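**Q** Just a sequence and a predicted model for now, questions to come.
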Amino acid sequence: MSGIEVVRAGALTTIQDLGRPGSAHLGVPRSGALDVAAHALANALVGNPAGDGVESGDAQSAATLETTATGCALRALSEAVVAVTGAPAPVFVGGVAAPHGSPIRLRAGQVLDVREPTSGLRSYVGVRGGFRVPAQLGSRSTDVLGGVGPAPLKNGDHLPVGPDPATTAPVFAAREPTPAIPAHFELPVIPGPRPEWFAIDAVRTLHDSSYVVTHRSNRVGLRLYGEPLGHSRDDELPSEGLVLGAIQIPADGQPVIFLNDHPTTGGYPVVGVVHPDALPLLAQAPPGATVRFTRA
């Protein structure tokens with residue numbers, strides 16, 4: 001048997017590629033890897049072409065595994081080339097330390113063990129050929145909100161791997177150690193679209209305060225705790241479209257930053273939107289990290 005066997009699934013390990021952008025009008029979130037740069041690096045290190053993913057021939061990338069908080073352990077059922085990127089974490093093969101951020105060749109039967117990150121939250125595991133689970137709506141990504149795509153991994157799962165991309169060689173160049181990810185994040189914010197729904201001092205409070213990432217955060221959204229932002233109105237806002245990075249303020253006044261699996265519509269007002277360039281940072285914001293909002 002070829003492919004990869006899941007020995008330890010970890011807290012939440014999902015299959016991710018570049019997701020399903022452009023499907024919000026169907027009520028389908030974009031999903032996809034939260035840390036796109038780490039996902040792309042994992043594919044590059046094992047030699048997967050950037051556009052090799054779904055058989056439809058689009059620009060989708062090969063699927064990787066996105067781990068959360070506790071890593072995962074995988075057994076190679078046949079020879080494989082893998083790489084671990086994203087949040088820096090101890091990596092072992094058969095109990096022997098292996099490099100983070102470099103290609104690793106596994107023999108059949110060897111176990112790759114990715115441990116808890118030393119900083120940050122999410123690590124990525126790429127395999128040469130990509131994880132070839134069936135695609136849904138043009139993507140192999142797991143959508144934890146809508147249930148589209150493969151289910152989160154569980155112990156004993158068998159993951160098929162695609163054919164060797166013979167035209168691209170793995171990148172075996174030596175790499176610098178992956179730097180630690182800070183526990184404080186500054187996020188530039190584009191204001192609006194509903195300033196009239198907030199008290200006069202709410203926007204000033206948003207930019208003058210620090211917020212803490214709570215344990216209720218997930219791929220749907222980053223839930224924060226800090227100085228609440230008051231609404232100026234008590235009537236109900238009709239549901240309207242939501243975008244990635246929107247900062248929604250529910251009735252308790254605590255900000256929620258929507259991530260890749262966010263709902264496509266919502267009825268609470270949005271005070272601002274995190275600039276797209278800063279969104280990959282949010283993939284690595286663990287519970288207890290602090291967030292400050294700056295003016296974009």
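**A** Perfect, thanks for sending it. Numbers count the residues shown, from 1 in each chain.

**Q** any idea how far residue 271 is from the closest residue to residue 27 other than its chain neighbours?
**A** The shortest distance from residue 27 to any residue other than its chain neighbours is 5.4 Å, reached at residue 264 (CB to CB, 6 or more residues apart in numbering). Backbone N, C-alpha and C define where each C-beta goes, glycine included. In this view, residue 264 and residue 271 are 19 Å apart by CB to CB, to the nearest Å.

**Q** neighbour count winner among those two?
**A** Neighbours were counted for residue 264 and for residue 271 using other CB atoms under 10 Å; residue 271 has more, 25 against 19.

**Q** which SSE is the more buried one in?
**A** Taking DSSP states H and E as the criterion, residue 271 maps to strand 270-274.

**Q** Just list the residues touching residue 109, thanks.
**A** 75, 76, 77 (CB atoms under 8 Å, 6 or more residues apart in numbering).

**Q** Please apply the same query to residue 220.
**A** Counted by CB under 8 Å, 6+ apart, residue 220 has contacts 144, 145, 258, 259, 261, 262, 263.

**Q** For residue 284, give its distance to residue 184.
**A** 12 Å.

**Q** the more surrounded of those two?
**A** residue 284 (23 against 10).

**Q** Now for the more buried one: which residues touch it?
**A** 35, 86, 87, 119, 120, 121, 122, 181.

**Q** and what of residue 236?
**A** residue 267.

**Q** helix, strand or coil for it?
**A** Following DSSP: H, G, I helix; E, B strand; the rest coil, the label given to residue 236 is coil.

**Q** Check the gap between it and residue 268 for me.
**A** 10 Å.

**Q** Dihedrals phi and psi, the residue nearest to residue 33 when sequence neighbours are not counted?
**A** What sits nearest to residue 33 in space, not counting adjacent residues and going by CB to CB, 6+ apart, is residue 39, at 3.6 Å. The phi/psi pair for residue 39 (degrees, to the nearest 10) reads phi -60, psi -50.

**Q** is it true that residue 39 touches residue 62?
**A** No. Assessed by CB atoms under 8 Å, residue 39 is found out of contact with residue 62, at 9.3 Å.

**Q** coming back round to it: quick one: which of the contacts of residue 284 sit in strands?
**A** residue 86 (DSSP state E).

**Q** which of the contacts of residue 284 has the weakest pLDDT?
**A** Taking the contacts of residue 284 together, the minimum pLDDT is found at residue 181 (88).

**Q** list the contacts for that one?
**A** 87, 88, 117, 119, 120, 284 are the contacts of residue 181 under CB under 8 Å, 6+ apart.

**Q** Just confirm the fifth one contacts residue 286, I think it does.
**A** Yes. The criterion here is CB under 8 Å, and residue 120 meets it with residue 286 at 6.8 Å.

**Q** Can you tell me the SS state at residue 45?
**A** helix.

**Q** ok, how many other residues are close to the residue nearest to residue 33?
**A** 28.

**Q** Tell me who's in contact with it.
**A** 16, 17, 18, 33, 61, 64, 66, 85, 86, 124, 126.

**Q** tell me the contacts of the closest residue to the second one other than its chain neighbours?
**A** Distances taken as CB to CB, 6+ apart place residue 63 nearest to residue 17, at 4.5 Å, with adjacent residues excluded. By CB under 8 Å, 6+ apart, the contact set of residue 63 is 15, 16, 17, 53, 130, 131, 132, 133, 140, 141.

**Q** tell me which residues of stretch 180-200 are tucked away?
**A** 181, 185, 187, 189, 191, 194, 197, 198 (16 or more other CB atoms under 10 Å).
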